[in-house]
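Participant: Need coordinates for the following:
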Amino acid sequence: MFLSIQELELRKISFNEDLPEAAIDFGEAGFTQSGALHAEGEAELLNTLGEIRVRGDVNVDLNLECGRCLEPVRFPLDEPFDLYYRPAPKGPLPHEVAIDDGEAQIGFYDGDGIELNEILREHILLSLPMHLVCREDCAGICPQCGQNRNIGGCECKTERIDDRWAALRSLQLKESTRKQDAESETQTLQAAHVDPPRS
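Facilitator: Residues are numbered from 1 along each chain as shown. This is a model prediction of the structure:
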């Protein structure tokens, strides 16, 4: 559904959409939509500068991966949204642009309006948890063999190494190697040394 500026100049646009799976391209976000996505709400033009406000509710089930064991996790998303958009700036932009907190919450659009699917896609991506787990006590996978530890254990032994001491460990190894080389050289010299014959 396209939210046209020309139409918004005349009235608010209400929407009540059911989008099938794959109607929104989530790209390489690492999850898929499960079942239809339902979105309802309205869009309105706020001023003559082309600022648009889109608010409503979105309801969708998503299939994500557990951040520990990589098994599929169903993530139901059902929440309201209230988003603001303004026309993208035209012409070259300076290298650095200062924005305030209010502007940080505003999106931009090109052309004569904005696609509702793009609005919903952006909102869903921003609503996902940073680190989703299938359950709080998920044991994850073995870093050596890849076994899912929730299903069964493995025979791998993991040694915890404190990397803060890696530099000192390297020095100790070098010193140990030097001592061994010195001892080996001494033994070689001693073996090559022949006492003079006694008269």
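
Participant: which residues in the chain form helices?
Facilitator: Read by DSSP state H, the chain holds these helices, from start to end of the chain: 5-8, 101-104, 116-127, 166-192.

Participant: what about the third one, average pLDDT?
Facilitator: The one in question is helix 116-127. Within the predicted structure, the mean pLDDT of helix 116-127 is 90.

Participant: Would you indicate which residues of that helix are buried?
Facilitator: Buried residues in helix 116-127, counted by 16 or more other Cβ atoms under 10 Å: Leu116, Asn117, Glu118, Ile119, Leu120, Arg121, His123, Ile124. From N, CA and C alone the C-beta is placed, and that goes for glycine too.

Participant: want to throw the residues you listed into CSV with distance to Leu49?
Facilitator: Formatted as CSV, the buried residues of helix 116-127 follow (distance: Cβ to Cβ, whole Å):
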residue, distance to Leu49
Leu116, 21
Asn117, 24
Glu118, 20
Ile119, 19
Leu120, 24
Arg121, 25
His123, 23
Ile124, 27
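
Participant: need the contact list for Arg135.
Facilitator: Listed by Cβ atoms under 8 Å, 6 or more residues apart in numbering, the contact set of Arg135 is empty.

Participant: follow-up on the earlier one: compare the mean pLDDT across the helices of the chain and name the weakest.
Facilitator: Ranked on mean pLDDT, the bottom entry among the helices of the chain is helix 101-104, at a mean of 55.

Participant: mind showing which ranges of this protein have poor pLDDT?
Facilitator: Low-confidence regions of the chain, defined by pLDDT under 70, span residues 91-105, 158-163, 165-182, 185-199.

Participant: which residue ranges form the strands in it?
Facilitator: Listed from the start of the chain, the chain has strands (DSSP state E) covering 2-4, 13-19, 32-45, 52-65, 72-87, 106-109, 113-115.

Participant: so what's Phe26 closest to, chain neighbours aside?
Facilitator: Counting by Cβ to Cβ, 6 or more residues apart in numbering, Phe26 lies nearest to Arg121, which is 6.7 Å off, once chain neighbours are set aside.

Participant: count of neighbours near Ser34?
Facilitator: Each residue near Ser34 was counted by other Cβ atoms under 10 Å, and the total is 16.

Participant: pretty sure it is touching Pro72, no?
Facilitator: No. In this structure Ser34 lies outside contact range of Pro72 using Cβ atoms under 8 Å: 9.6 Å.

Participant: Overlap of the contact sets of these two?
Facilitator: The contact sets of Ser34 and Pro72 overlap at Asn63 (Cβ under 8 Å, 6+ apart).

Participant: sorry, back to before: what is the nearest of the buried residues of helix 116-127 to Asp78?
Facilitator: For the buried residues of helix 116-127, the minimum distance to Asp78 (Cβ to Cβ) is 11.4 Å, reached by Ile124.
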